[in-house]
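Enquirer: Need the 3D shape of this:
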Amino acid sequence: MSMRQLAFAAMIALVHCATASADVDSARGGGIAYLLSNQNGDGSFKSSAGLEIAATASAADALATAGVRHGQNYGSAIAYLANADGGSVDSLARSLAALRTAGVNLSAHESRLLASRNAAGGWGAYSGFASSFPDTTLAIAALGLPVAGGDFISAACVILMAQRPDFSWSYFDSQAAMIPAGFSAGAIVPTAHAVAALQAYVAVAPTVTCNATPYSLANAIANGIAWLLGKRNAGDGGFGEEGASAVIETALAYGVLKAQASSPEPATSGALAYLLAQQNANGSWRDDVFHTAAVLRTFPATVMADTDKDGIPDASEAPLNKNPAVADSRDLLPGNGAGGVGLTAPLLAASGQTFQNLSVNLSAYGGTPPYAFRLVAGSLPPGLYLGSSGLISGTPTAAGEYDFDYAVTDAVGTEAHRIGRLSIAAAPPPPDDGDVPTLPEWGALALAVLLLRMAARSGRKPEYAKPVAF
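Expert: Numbering: from 1, shown residues only. So this is what the prediction gives:
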């Protein structure tokens with residue numbers, strides 16, 4: 001190929017990449033608008049019964065991937081996840097992953113998820129259940145286990161030894177005593193989750209020895225991806241079982257394909273094209289929060305513009321009938337988002353003026369006093385500070401709407417998360433009564449004496465105005 005041909009091919013590739021990037025940006029703006037319009041007053045996202053935690057965790061991940069880690073909507077979702085009591089391993093793992101991204105204290109959640117392992121070191125649908133997928137893969141990915149520890153080795157071996165002869169993974173470990181009918185064959189969802197979990201560790205643990213047999217993570221990943229590529233539909237570029245492309249399966253496959261150092265083409269770009277083509281006019285995928293979030297979280301990480309810093313990206317303001325220049329996200333959440341049973345705290349909404357001292361006390365109830373407060377995400381107005389006692393004090397120096405997330409911890413370590421907003425108005429200018437400033441009497445007398453002395457030094461008599469006759 002000549003240099004001219006190479007240059008032309010490179011130019012075509014750049015144009016294609018720019019077009020794809022613009023399409024992703026547009027799709028992301030509409031998708032986030034759909035998510036935010038389907039959030040409940042307690043911070044959770046609308047979903048089928050029993051899937052509230054999974055939908056909320058996925059939505060929070062989608063927002064974080066877009067750089068939206070501030071504002072009332074994101075803060076409410078994180079507060080909901082931090083306080084929610086998810087009983088299944090799936091819910092615990094998804095919550096933990098989203099909370100880790102938000103920078104929340106994870107010790108209680110990590111301990112609970114670790115305690116849910118079975119004797120083999122894997123995870124099932126609930127605590128102590130036989131290993132299943134994606135439960136085991138979700139758990140190991142969410143925990144971020146140190147590779148030198150036995151916990152990682154045990155979990156990794158459960159995953160590696162469950163890879164089938166055709167290099168796929170099924171929903172259940174082949175050693176399980178009872179496997180529901182139809183769940184013993186390899187499938188896209190468990191295979192993609194297994195590959196994604198191994199991708200997170202391959203750089204730091206290239207080989208794991210299980211029962212005296214060494215397993216190469218890179219080989220397991222490559223073989224798993226080869227199996228996934230066999231599930232691609234050339235007609236529309238999507239992935240699915242039995243020749244029918246599906247959104248969730250394609251999103252999961254796209255996620256692991258683009259994570260490879262050298263993404264296989266045209267499969268990767270074809271999967272993205274399929275996903276973009278499946279978006280509905282209302283910004284959703286399949287008119288469902290979980291489907292929509294599953295797609296959005298696979299898009300490349302970015303920081304979307306948010307001019308008014310209210311947690312609604314500029315690209316999502318118009319579909320929500322919001323103004324990108326005004327912090328107006330608060331009324332998106334119905335209800336008051338009040339706390340539940342146990343340690344909790346009311347929402348904070350306070351106001352002040354620039355260059356005027358401000359003092360606001362955060363409060364909590366339930367649990368075991370005393371309480372300690374800390375800022376988790378977002379920011380306070382410049383000049384204000386949060387003390388561990390819950391006192392926000394100082395002198396704000398910039399007007400605006402400031403959303404922030406804070407955590408309250410009681411004496412036994414129980415932690416709850418809440419959101420707050422401080423509205424700071426610009427201080428009004430001093431009143432103008434229209435009078436011309438005048439000198440006091442002593443000032444006028446001093447000025448007259450000064451003028452007389454200056455006239456005397458110049459050798460001239462001062463001139464006085466003559467009265468005017470009418």
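Enquirer: Walk me through the domains of the chain.
Expert: Taking automatic domain parsing as the domain assignment, the ranges for the chain are 72-283, 344-425.
Enquirer: quick check, residue 198 in a strand?
Expert: No. Applying DSSP: H, G, I helix; E, B strand; the rest coil, one finds residue 198 to be helix, outside a strand.
Enquirer: Can you pull up the most central residue in this protein?
Expert: residue 64 (2.3 Å; C-alpha atoms, centre = their mean).
Enquirer: The strand or helix carrying that one packs against which elements?
Expert: Using DSSP states H and E, the element containing residue 64 is helix 52-65. Secondary-structure packing of helix 52-65 (3 or more C-beta pairs under 8 Å, 6 or more residues apart in numbering; DSSP states H and E): helix 3-36, helix 71-83, helix 89-102, helix 289-296. No exception for glycine: its C-beta is placed from N, CA and C like everyone else's.
Enquirer: could you dump these to JSON lines with mean pLDDT?
Expert: Formatted as JSON lines, those follow (pLDDT from 0 to 100):
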{"stretch": "helix 3-36", "mean pLDDT": "68"}
{"stretch": "helix 71-83", "mean pLDDT": "87"}
{"stretch": "helix 89-102", "mean pLDDT": "94"}
{"stretch": "helix 289-296", "mean pLDDT": "97"}
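Enquirer: so which of the domains of the chain gets nearest residue 289?
Expert: In terms of C-beta to C-beta, the element of the domains of the chain nearest to residue 289 is domain 72-283, at 11.1 Å.
Enquirer: before we move on, back to that, outside of the helix holding residue 64, which residues touch it?
Expert: 31-32, 35, 39, 43-47, 69, 73-74, 77-78, 80-81, 84, 86, 90-91, 94-95, 97-98, 101-102, 289-290, 292-294, 296-297, 299, 301-302 (C-beta atoms under 8 Å, 6 or more residues apart in numbering).
Enquirer: Stretch 189-209 too?
Expert: With C-beta under 8 Å, 6+ apart as the test, stretch 189-209 has contacts from 133-134, 137-138, 140-141, 144, 147, 152-153, 156-157, 159-160, 162-163, 168-171, 214-218, 220-221, 224-225, 227-228, 248-249, 252-253, 255-256, 259-260.
Enquirer: which among those residues end up buried?
Expert: Taking 16 or more other C-beta atoms under 10 Å as the criterion, what is buried in the contacts of stretch 189-209 is 133-134, 137-138, 140-141, 152-153, 156-157, 159-160, 162-163, 168-171, 215, 217, 220-221, 224-225, 227-228, 248-249, 252-253, 255-256, 259.
Enquirer: And the strands in this structure, which stretches?
Expert: Assigned by DSSP state E, the strands in the chain fall at 207-210, 213-216, 348-353, 358-361, 372-378, 384-386, 391-394, 400-409, 415-425.
Enquirer: strand partners of the second one, parallel vs antiparallel please.
Expert: Strands that pair with strand 213-216, judged by DSSP bridges, come out as strand 207-210 (antiparallel).
Enquirer: Test my guess that residue 229 contacts residue 266.
Expert: No. Look at residue 229 against residue 266 with C-beta atoms under 8 Å: they stay out of range, at 10.8 Å.
Enquirer: Please list all residues in contact with the closest residue to residue 240 other than its chain neighbours.
Expert: Ranked by C-beta to C-beta, 6 or more residues apart in numbering and with sequence neighbours excluded, the top spatial neighbour of residue 240 is residue 246, at 4.3 Å. Listed by C-beta under 8 Å, 6+ apart, the contact partners of residue 246 are 238, 239, 240.
Enquirer: out of those, who's nearest residue 110?
Expert: Among these, and counting by C-beta to C-beta, the member closest to residue 110 is residue 239, at 32.5 Å.
Enquirer: Tell me, how many residues neighbour that closest one?
Expert: Close neighbours of residue 239, defined as other C-beta atoms under 10 Å, add up to 29.
Enquirer: rewinding a little: minimum distance to residue 354: which of the helices and strands packed on helix 52-65 has it?
Expert: Nearest of these (C-beta to C-beta): helix 71-83, 21.6 Å.
Enquirer: The closest one to strand 415-425, inter-axis angle?
Expert: 170 degrees (axes from the mean of the first three to the mean of the last three C-alpha atoms, to 10 degrees).
Enquirer: Can I get the buried part of the contacts of helix 52-65 as one ChimeraX selection?
Expert: To isolate the buried ones among the contacts of helix 52-65 in ChimeraX, judged by 16+ other C-beta under 10 Å, type:
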select :31,32,35,39,43,44,45,46,47,69,73,74,77,78,80,81,84,86,90,91,94,95,97,98,101,102,289,290,292,293,294,296,297,299
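Enquirer: what about the residue nearest to residue 224 when sequence neighbours are not counted, distance to residue 260?
Expert: Leaving aside its chain neighbours, residue 224 sits nearest to residue 195 (4.3 Å; criterion: C-beta to C-beta, 6+ apart). Separation of residue 195 from residue 260 (C-beta to C-beta, to the nearest Å): 9 Å.
Enquirer: same question, residue 139
Expert: For residue 139, the distance to residue 260 equals 23 Å [C-beta to C-beta].
Enquirer: Brilliant, that's me finished.
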